[in-house]
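J.: one predicted model, sequence on top.
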Amino acid sequence: MTAIAHEAHRPTQTHAEVTRDVLGTLQTPSRGYYLALFGAVAMFLVGLGTFVMLLKEGLGLAGYTPPVMWSVYITTFVFWIGIGHAGTLISAILFLFRSPWRTAVYRSTEAMTVFAVMTAALFPIIHIGRQWVFYWLLPYPNQRFLWPNFKSPLLWDVFAITTYFTVSATFLVIGLVPDVSAIRDKVTGWRKAIYGLCSVGWTGADSQWRHYTRGYLYLAALATPLVLSVHSVVSWDFAMAIIPGWHGTIFAPYFVAGAIYSGIGMVLTLLIPLRRVLKVEHMLGEYHFDNLAKLTLLTGSILFYAYAMEYFVAWYSGNTFEQATFWRRAFGPMWWAGWSMIICNAFVSQLLWFRKIRTNLTALFVISIFINLGMWFERFVIIAGSLSNDFLPNKWHVPAITWADWGILLGSFGWFLMYFLLFARTFPVVAIQEIKEMIPYPRKRGGGH
Amino acid sequence: MARKTVPGVLASFVHVDSAVEAIGGLKARGFRDLTVYTAAPNHEIEDALDQPVSWVRLFTLIGGLTGVTAGFAMTVWMSNDWPLLVGGKPIAAVPAYVAIAFELTVLYGALCTVAGMIILSLAKSLKGRPYHPLFSDDRIGIFVPCPPEQTPAVRELLARAGSEEVTVHGA
């Protein structure tokens, strides 16, 4: 995986070649695929086992000690929700901008979004302690005549995450329909029957495309503000509280930029090996990764600015508690987490100014791992770090990360990867229909392919 | 039970300009109820068919308006039904409910858009209209419903426009 050859942004294949190549990704998987799937399931089982222990013993296993009652689980919740932002950004926002490079990557990032939100949604449930009454968060008529407190940002979050999951999943499924019909027309036997059922009678008739293209446009238009709203609402879970390190007006844009940054980091981590495994190197080339890297650079630079601004605001506010929190982030007992966040996010992303690095897949893959790590640490520093030194100095302590935290964290990666790997072998990870839309039909009087 | 076939002529095209020429010729002869199959949306074919803009937007609008109304109505009504004084705010604190109303606008808007896509697509029945698997691959298909007495003329028009294959159905 060294520097790859230059490729033009318009696909060079014919329509038939696109169908054939994408169909090739759905053939019998290699041994490496099964190994990866086995690893993912094993990780998930570790998480499941840990969850059973948590149910039995309670949240003390996760090292919860006042005032740090939000720690690794909420950190990991925000981490996964953030990952989920790149997919809809690429599939909806870049669709409205008519950005040609999104076509080849959007399907896999959209799937990543849905699975990341599915993973994130587990964490508030794991975290609440009495998991069996999680439905108390929803407004439903009950015998005690109680309703949820809608003034709480946690309730806004319930609505934001539920909406985001529903809309992202809808967007993914709608986008899949024409592609599934293309597979239906190529396969035989029981697979034809299943893909036929999933294609819901799609034939690509003009009467279907007419409503489909309009509907897709409106879905993209609705999903665009949704992407920006969801992580803003997540940030208000913190910013609405008066905890030093949380109570900042820059939190919404700061979190949205961080979410997109982390999401693209995960896209790079997944797509760089996947393009080789699925043999779609000619469809996912330098052009696509260069653009993903530029988006990473942009959002990484916004984060750099937000980090600097946080320190500036803490100093300029004259608030002792705020200043102490930020001093301790850099030089306190959790300095290792504070510097991991700054180095991995603010500094490492600046390497992407160099085109040679942006087009070198090995370098990009390594940078993407730093991004994933850095963004997890960012949330850990903000959440656990800020809580660990609130208004009572005698309560200050370094939050413990126990085996129950590691077990659930590992399990979440297993759960996410398991779904992603199963998806990659069942449905096209490259959007057949949108790639074909970019390739002109041949013309009798010259032109086309 | 065998599906009843709509009588007509099905043509397959390799070249987009041939298909556009065929659509133009058919429309000039008064054939309006055409079905054109493509693997991806194509502007030249859309222009040739010259269909009005889809009414999906109406579903999106109705969904969005329902969502925003439901969002504010639910939060305000529930707050008043179980009054809870929080931080000195009014019982029904509308600014705090904007987030929920916004999310429900998007949620209802998106779900109604999908419902609209399905309902409007089903409004024109494609039952009994022939289809070929190559249309989802690299061919453009045009099906012209017509009575048997018009079949020869339609066949000739399609062949002259440059169709690769023409078949007659339900004759």
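T.: Great, that's in hand. Owing to the predicted nature of the structure, the values given are computational and were not obtained by experimental measurement.

J.: tally of neighbours for residue 87?
T.: Answering for chain A, as no chain was given. 31 (other CB atoms under 10 Å in any protein chain shown). Every C-beta, even on glycine, is put in place using the N, C-alpha and C of the backbone.

J.: hm, I was asking about chain B
T.: 7.

J.: show the contacting residues for it.
T.: Counting by CB atoms under 8 Å, 6 or more residues apart in numbering or on different chains, B:Gly87 makes contact with A:Lys151.

J.: how close does A:Gly60 get to A:Leu410?
T.: A:Gly60 sits 20 Å away from A:Leu410, taking CB to CB, to the nearest Å as the criterion.

J.: which helix is the longest one in the chain?
T.: Just so you know, I chose chain A. Secondary structure of chain A per DSSP state H: the longest helix is helix A:206-239.

J.: not quite, go with chain B.
T.: helix B:94-123.

J.: tell me the spacing between the spatially most central residue of chain B and B:Gln51.
T.: A centroid search over chain B (CA atoms, centre = their mean) returns B:Ser121, at 4.5 Å, as the residue closest to the centre. Distance from B:Ser121 to B:Gln51, counting by CB to CB: 13 Å.

J.: so which strand or helix has B:Val144?
T.: strand B:140-145 (DSSP states H and E).

J.: re the thing from before, give me the mean pLDDT for the longest helix of chain B.
T.: In this model, helix B:94-123 carries a mean pLDDT of 95.

J.: list the helices and strands that helix packs on?
T.: Applying 3 or more CB pairs under 8 Å, 6 or more residues apart in numbering or on different chains; DSSP states H and E, one finds that helix B:94-123 contacts helix A:153-184, helix A:206-239, helix B:56-81.

J.: what's the separation between the residue nearest to the centre of chain B and A:Gly258?
T.: 39 Å.

J.: over to B:Tyr131?
T.: Distance of B:Tyr131 to A:Gly258, given as CB to CB: 48 Å.

J.: and the two? Which one has more around it.
T.: Each of B:Tyr131 and A:Gly258 has its neighbours counted (other CB under 10 Å); A:Gly258 has more, 29 against 17.

J.: now the more buried one. Nearest residue, chain neighbours left out?
T.: A:Leu303 (5.6 Å; CB to CB, 6 or more residues apart in numbering or on different chains).

J.: OK, contacts around the one you found?
T.: A:254, A:257-258, A:261, A:345-346, A:349.

J.: show the average pLDDT along the helix or strand harbouring it.
T.: Taking DSSP H and E as the criterion, A:Leu303 maps to helix A:286-317. Helix A:286-317 carries an average pLDDT of 94.

J.: please compute how far the longest helix of chain B lies from its chain's middle.
T.: Here helix B:94-123 shows a centroid-to-chain-centroid distance of 18 Å under the convention CA atoms, centre = their mean, to the nearest Å.

J.: which parts of it are buried?
T.: Residues B:96-97, B:99-114, B:116-117, B:120-121 are the ones in helix B:94-123 that count as buried (16 or more other CB atoms under 10 Å in any protein chain shown).

J.: with stretch A:337-351 instead?
T.: Neighbour-count burial for stretch A:337-351 [16+ other CB under 10 Å]: A:337-342, A:344-346, A:348-349, A:351.

J.: ditto for stretch B:157-169
T.: For stretch B:157-169, by 16+ other CB under 10 Å, it's B:157-158, B:161-163, B:166, B:168-169.

J.: right, I'll call it a day here.
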